[in-house]
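Turn this into a model:
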Amino acid sequence: MALEYSVALRNARLLEIQTVIGSAGLLKIFSGAEPPNCGAPDPSGLLLAVNLPFPFITVNNGSTILQGNWNGNTIGVGTCQCFRMYDASNNCHVQGSIPNDMVVTPSASVVVGQPCQVVTFSVTAGNP
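Modelled structure (predicted):
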């Protein structure tokens with residue numbers, strides 16, 4: 001029989017994202033392809049860099065709920081492909097694809113100075 005985790009444990013695991021990234025987290029959105037892992041160099045095409053609010057997530061029933069405003073004006077030109085989340089020491093702790101793990105608007109081509117907003121950041125801690 002496979003392990004089964006309670007909702008409380010799944011929620012606690014998700015809140016570790018916020019604990020590790022901390023109160024001075026940074027989100028970067030790129031036009032380049034998602035790297036193989038968080039230890040790899042950043043992808044090309046930085047489109048947006050946003051200081052995350054704190055708290056930036058809450059959790060419910062084993063899923064994240066975005067908190068605060070995750071928005072800013074773009075600093076590059078391209079199509080949003082992937083994102084990374086960093087702590088105050090610029091260590092990457094979370095990365096994912098757009099639109100699978102994060103939805104932004106606009107998601108098509110952006111130009112410099114265009115407003116860009118994260119609509120959803122979705123992580124689910126399920127049972128194995």
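
Let me know the next secondary structure element after the helix or strand of the chain with the lowest mean pLDDT.
Ranked by mean pLDDT, DSSP states H and E, the weakest helix or strand in the chain is strand 109-110, scoring a mean of 88. Sequence-wise, the next helix or strand downstream of strand 109-110 (DSSP states H and E) is strand 115-121.

Which elements pack onto that following strand?
strand 46-51, strand 63-66, strand 71-73, strand 102-105 (3 or more Cβ pairs under 8 Å, 6 or more residues apart in numbering; DSSP states H and E). C-beta here means a position set from N, CA and C on the backbone, and glycine is covered the same way.

So, low pLDDT: which residues of this protein?
1, 127-128 (pLDDT under 70).

who wins for proximity to I17 among the helices and strands packed on strand 115-121?
Distance to I17, taken as Cβ to Cβ, is lowest for strand 63-66 among the helices and strands packed on strand 115-121, at 7.4 Å.
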